[in-house]
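Participant: Everything below, folded, please.
(chains A and B)
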Amino acid sequence: AQSVTQLDSQVPVFEEAPVELRCNYSSSVSVYLFWYVQYPNQGLQLLLKYLSGSTLVKGINGFEAEFNKSQTSFHLRKPSVHISDTAEYFCAVSEGSGNTGKLIFGQGTTLQVKP
Amino acid sequence: KAGVTQTPRYLIKTRGQQVTLSCSPISGHRSVSWYQQTPGQGLQFLFEYFSETQRNKGNFPGRFSGRQFSNSRSEMNVSTLELGDSALYLCASSLGELGSGNTIYFGEGSWLTVV
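Facilitator: Numbers count the residues shown, from 1 in each chain, chains lettered A, B, ... in the order given. A predicted model of the protein is given here:
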């Protein structure tokens, strides 16, 4: 069975500082990996996804993530955060060969950007 | 292009009642999935429908059901509501092609409060 672990429930950081949100996954089959962001009282917005190919994936709003198969990780990074990045971030995995509508989510990481 | 639309956005129900939530996917999307989001359990997959057929199902009791219409619109129903069913219910849609890593787009959600 697949599972996703987000290692930090909350990450406080000052504005313009770099940030890394950590995500590890467990799966016995090939997977697709995703990062979503959720602003208060809103749905989920896709930041980026890894399907195959280059292990460094660039997404929207200056975010990027690196897929590391040996460490089964997919950490999200941003070199300089803004106040507007304050939100909940979710890492998710889906089975690579099918089940495109089914995502397994981590518990989420709250990014708190302070002025 | 309109996004995923969910109705109603907010509703309050009494224990024992039933509720029906509606979802209109992005035009052209044939897969609709439903998720439950609670503070304690996080984001959990309920079920996925593709071309009017349930393609995948999560670990929820039979009180949770859904269906999809020929125009890809979907409804989910929860019968005999319990206090623990209070949650944000998110609908998501995608093209639904297996193994292709289609992007899954989420709606704003329906906030259900059971009293």
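
Participant: Could you check how far residue A:61 is from residue B:102?
Facilitator: Relative to residue B:102, residue A:61 is positioned 21 Å away (C-beta to C-beta, to the nearest Å). For every residue, glycine as well, the C-beta is placed using N, CA and C.

Participant: Kindly report the same for residue B:23.
Facilitator: Using C-beta to C-beta, one gets 17 Å for the distance from residue B:23 to residue B:102.

Participant: So these two - more neighbours on which side?
Facilitator: For the pair residue B:23 and residue B:102, the greater number of neighbours falls to residue B:23 (26 against 21), based on other C-beta atoms under 10 Å in any protein chain shown.

Participant: So the more buried one lies in a strand, does it not?
Facilitator: Yes - under the criterion used here (DSSP: H, G, I helix; E, B strand; the rest coil), residue B:23 sits inside a strand.

Participant: Contacts made by stretch B:44-53 with the rest, please.
Facilitator: Stretch B:44-53 is contacted by residues A:99, A:101-105, B:30-38, B:54-60, B:64, B:66-70, B:74, B:76, B:89, B:96 when judged by C-beta atoms under 8 Å, 6 or more residues apart in numbering or on different chains.

Participant: Buried residues, that stretch. List them.
Facilitator: Using 16 or more other C-beta atoms under 10 Å in any protein chain shown as the test for burial, stretch B:44-53 gives B:44, B:45, B:46, B:47, B:48, B:49, B:50.

Participant: Can you flag which of the residues you listed belong to helices?
Facilitator: With helices defined by DSSP state H, no entry of those lies inside them.

Participant: Closest to chain A out of the residues you listed?
Facilitator: The shortest separation between chain A and any of the buried residues of stretch B:44-53 is 3.5 Å, and it belongs to residue B:48 (by C-beta to the nearest C-beta).

Participant: and stretch A:36-48 with chain B, contact?
Facilitator: Yes - Stretch A:36-48 comes into contact with chain B (C-beta under 8 Å from any C-beta of the partner chain), by way of A:36, A:42, A:43, A:44, A:45, A:46.

Participant: which of those residues are buried?
Facilitator: Of those, these count as buried by 16+ other C-beta under 10 Å: A:36, A:43, A:44, A:46.

Participant: correct me, but the third one touches residue A:36?
Facilitator: Yes - the pair residue A:44 and residue A:36 qualifies as a contact (C-beta atoms under 8 Å) at a distance of 4.2 Å.

Participant: Between these two, which contacts overlap?
Facilitator: A:90, B:106.

Participant: sorry, back to before: just checking: the least confident one among the residues of stretch A:36-48 next to chain B is which?
Facilitator: Lowest pLDDT of the residues of stretch A:36-48 next to chain B: residue A:42, 87.

Participant: tell me the contacts of residue A:34?
Facilitator: With contacts defined as C-beta under 8 Å, 6+ apart, the neighbours of residue A:34 are A:46, A:47, A:48, A:49, A:50, A:91, A:92, A:93, A:94, A:103, B:104.
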